[in-house]
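Predicted structure and sequence below. I'll ask about it afterward.
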Amino acid sequence: MSADTPVGAEPSEDPDSEDPDSVDRDAATPGDDGAADDADPVLSAEGLEKHFEQSDGFLDRLLGTGGTVKAVDGVDLEVREGETLAVVGESGCGKSTLGQALLNLHRPTDGTVRYRGEEITGLSGSAMRPYRRHLQMVFQDPLASLNPRKTVGDIVIGPMEVHDEPSTDPDVTTTAEVRVDGAVTEPVAVSVDDDVDRAVGSVEGVAAVDVEVGPATDGEGIEVDLGEAGAVLAATVDRTADGYEVRISVDASTPDLRRYRAGALLERVGLERGHLDRYPSQFSGGQQQRVGIARALAVEPDLIVADEPVSALDVSVQAQILNLLEELQTELGLSLLFISHDLSVVRQVADRVAVMYLGEIVETAPVDELFAEPRHPYTKSLLSAVPRIDPGDRSDRTVLRGSVPSPIDPPAGCRFHTRCPEVIPGAGWDGDQESFRRAFSFRTRVESGELEPDAVRDRLEAESDASATDETVAARLLETALPGAVDAFPAGVTESLREAGRLVAAGEDDDAAALLRETCPSPCVDEAPRTVETVDAATVACHRVDPDAPGEERVGD
Ligand SMILES: Nc1ncnc2c1ncn2[C@@H]1O[C@H](COP(=O)(O)OP(=O)(O)OP(=O)(O)O)[C@@H](O)[C@H]1O
C-alpha cells in the first residue's frame, strides 16, 4: 500500500505489519532473479483464495453469523501487458477482496500471485515494497481514500518518499528533444552530472523532456530553458561530435524535485499545480478521484487496480474519469484491473472481462465476444439487465431470483444453481427445461428454509377466521412459492410437489427437501463445473458448455 495510507477505504488487514504467517523474503528488485519473462502476464493468480474467519462466539451462533466467509475461492486470472481486464459481478461476490488479495493488501489464504512471473504471494511490507511500486490501487470512495489532514501535495509525494522516487540510479540515461533556434534536433542523449546522483529517468517525468536550447553565444556555450522545471533543475548542453549532450542536474533539494513532479502529475490528471497546498475536502468528487489517480501514478506503476473508480461519482463526471484512465493507459502503457458492477461502464473501458459469482470466476472473454455471445447463464442474466437504448427491447430480459447466497455456506456443485435459469435436469426428468426450472426453484426454496409455514397458517386463519389444516397451508405454500400451476407437471412430479408442500406445512423440512432432491435431481448440484476454454481464449465454468459434463442437455443440443 502506498505511504499515504487511505483512510476509510483501506483494507481491514495491514499487510505491512509484522505477521508470522507472511512470507518475508529478502527485499529484491523485481526481475533480479531472472525469473521474469516478457511473455509473462503483468499480474497473475492461480487458485487464489481469501477466506475471512468470522468470530464464532455465542452471539454469532445465535445470529448465525459465525463461520468462514469464502470471499475469493479459487480464482485463476491474468492481467496482460497494457490491457484493461474488468472484473464484474453483483455486490458481495468478492471483487474488491480479489483486487486487494492480488496486491497483497489482503494476505491470500491460499493460491499464488505472480508479478511478471515472480511469485509475490503473501509478501510482507519490506519484501513487498519493490513490487508495490509497480502495483497501485485507486479506490471507490475518493474522499475516504485520501487522508483529510494532508495536503494534496503530501498525498502525492508520500508514495515517492516511500519508494525513493524519483529514482536515484545514476546510470539511467534518456533522450530529450532539443531545440536550437526553434528547430528541433534529433533526440540527444541526456545524462546527469557525475556528481549528482539523480537519474534522468526521473527528470524525464519532471522536466517533460521539452528542453529548450537557446542559441550558442561565443564562448558561453548553449543555454537551456527548462521551463517551469528550471526551479529545481539545471541543465547544460555541450556540442559533441555527434550533436549535443544535455546534462541535467538537480540544483535543489529532493523534496523540491518531488514537489515539482507532484505538480506535473496533478496537471497530467487535469488539476493544477496550484492545488498542491489544498486539502482533499476542498475538491469535488471527480477532482478527488483525480488526486487518487495522481497518487497511484506517483511511483510509475505497471498496473493499477481500480476498484469501482467512478461508481461514487455523478454520471457526467464518470465519463471524464474513464477518459482520463484510458488516456493514461495508452500514454503510459499501463495495465488496468478494473472492478465494476456496471456493465455499461465495463463495455466502454474493458479489453477483456472476467465475470465473478460468489468468489469464483465463471466466465472470461474479450469484451466484444462477451457482449455478443455470453455463454454462462449468469453472464446472460447480468447482460440482460443492462439498460437498452430502446426501452421496449426487453424480450430477452432475465430477472435473477433472490440475492447472492451467503459466501459462508455457498451452494454445492455449481454455485449459481440456486438462481440459474438454465439449471440442467437430472436423469429421469421427463418434463421440459422450463418445468424443471420451476420445480427446481421450489426445491431450492425448501432447502434454504425460506418458506414460512407458520406465517402462512396465521395469514390463512386471519383470512377465514377458522383453523388452517396442513393441507390448506401446503396449497398456499405451493401457490406462492412454486412458479406456475402445480398440476402443470408430469403426474408423478405434481404428486411429489404436493407431498413436499404437506411435509413443509407439518414442519418436516428435511423430509420435504429429501423428496424434492429425488424428484428434481440436477448435475449442477452434484458436481462443480470445470473451467473449459471456448473460442478466442475465453473460458466458461458451466456444465452446459462442457462437452464432458454430466446431464441431459448442452448448449447447441
Ligand atoms: N474483512 C472482512 N471480513 C469478513 N468478511 C469480509 C471482509 N471483507 C469482505 N468480506 C465479505 O466478503 C464478501 C465479498 O466482499 P467484497 O467486498 O469483496 O465483494 P464485492 O463484490 O467487492 O462487493 P461490493 O461491490 O459491494 O463492494 C462479502 O460477503 C463481504 O461481506
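Structure received. Residues are numbered from 1 along each chain as shown.

Now find how far off-centre stretch 145-159 is within its chain.
Relative to its parent chain, stretch 145-159 has a centroid offset of 24 Å by CA atoms, centre = their mean, to the nearest Å.

If we go by neighbour counts, what in that stretch is buried?
Neighbour counts over stretch 145-159 (16 or more other CB atoms under 10 Å) mark 145-147, 150-159 as buried. (Each C-beta comes from the backbone N, C-alpha and C, glycine too.)

cool, and stretch 335-353?
335-341, 343, 345-353.

related to what we said a few turns ago, which one of the buried residues of stretch 145-159 is nearest to residue 488?
residue 145 (53.5 Å; CB to CB).

you'd agree that closest one is in a strand?
No: looking at residue 145 with DSSP: H, G, I helix; E, B strand; the rest coil, it is coil, so not inside a strand.

Could you verify my assumption that residue 477 touches residue 455?
No: the criterion here is CB atoms under 8 Å, and residue 477 misses it with residue 455 at 10.3 Å.

So these two - more neighbours on which side?
Taking other CB atoms under 10 Å, residue 477 and residue 455 do not tie; residue 477 has more neighbours (24 against 10).

how about the residue of the stretch 251-400 of the chain found nearest the ligand, what does it touch?
Proximity of the stretch 251-400 of the chain to the ligand (CB to the nearest ligand atom) peaks at residue 341, 5.4 Å away. By CB atoms under 8 Å, 6 or more residues apart in numbering, the contact set of residue 341 is 88, 89, 90, 91, 95, 308, 311.

Tell me the buried residues within these.
88, 89, 90, 95, 308.

near the ligand, from these?
89, 95 (CB under 6 Å from any ligand atom).

Which of the buried ones among the contacts of residue 341 fall within helices?
With DSSP state H as the criterion, helices contain residue 95 from among those.

Tell me which two in the buried ones among the contacts of residue 341 are the farthest apart.
So, the buried ones among the contacts of residue 341 by CB to CB: farthest apart are 90 and 308, at 12.7 Å.

next one: stretch 470-479 to chain centre, how far?
45 Å.

Need the contact partners of it.
Here stretch 470-479 has contacts from 442, 451, 453, 456-457, 459-460, 486, 497-498, 501-502, 504-506, using CB under 8 Å, 6+ apart.

OK, contacts around the closest residue to the ligand within the stretch 451-557 of the chain?
Proximity of the stretch 451-557 of the chain to the ligand (CB to the nearest ligand atom) peaks at residue 541, 17.5 Å away. By CB under 8 Å, 6+ apart, residue 541 lies in contact with 360, 361, 362, 363, 376, 414, 528, 529, 530, 531, 532.

what's the distance between the first one and residue 90?
Pointing back at residue 360 there. The gap separating residue 360 from residue 90 is 13 Å, by CB to CB, to the nearest Å.

what do you get for the second one?
For residue 361, the distance to residue 90 equals 14 Å [CB to CB].

same thing with the fifth one?
In this structure, residue 376 and residue 90 are 14 Å apart, going by CB to CB.

again with the third one
Using CB to CB, one obtains 12 Å as the distance from residue 362 to residue 90.

Could you pull out the strands in the stretch 51-200 of the chain for me?
Using DSSP state E, counting those that start in this stretch, the strands of the stretch 51-200 of the chain run over residues 67-79, 84-88, 110-115, 118-119, 135-138, 174-180, 183-184, 188-191.

what lines up beside the fourth one in the sheet?
Put plainly, it is strand 118-119. strand 110-115 (antiparallel) (DSSP bridges).

so the partner strand versus strand 67-79, what angle?
Strand 110-115 and strand 67-79 are oriented at 30 degrees to each other (axes from the mean of the first three to the mean of the last three CA atoms, to 10 degrees).

going forward can the numbers begin at 8, since that is how I track them
Sounds good: first residue 8 from here, last item strand 117-122.

next one: strand 117-122 to chain centre, how far?
16 Å.

Around the ligand, pick out the residues from this protein.
Close to the ligand, as judged by CB under 6 Å from any ligand atom, the chain has residues 19, 59, 76, 78, 96, 98-104, 348, 414.

Give me the ChimeraX select line for those, limited to the buried ones.
This is the ChimeraX syntax for the buried subset of these, where burial follows 16+ other CB under 10 Å:
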select :59,76,78,96,99,100,101,102,103,104,348,414
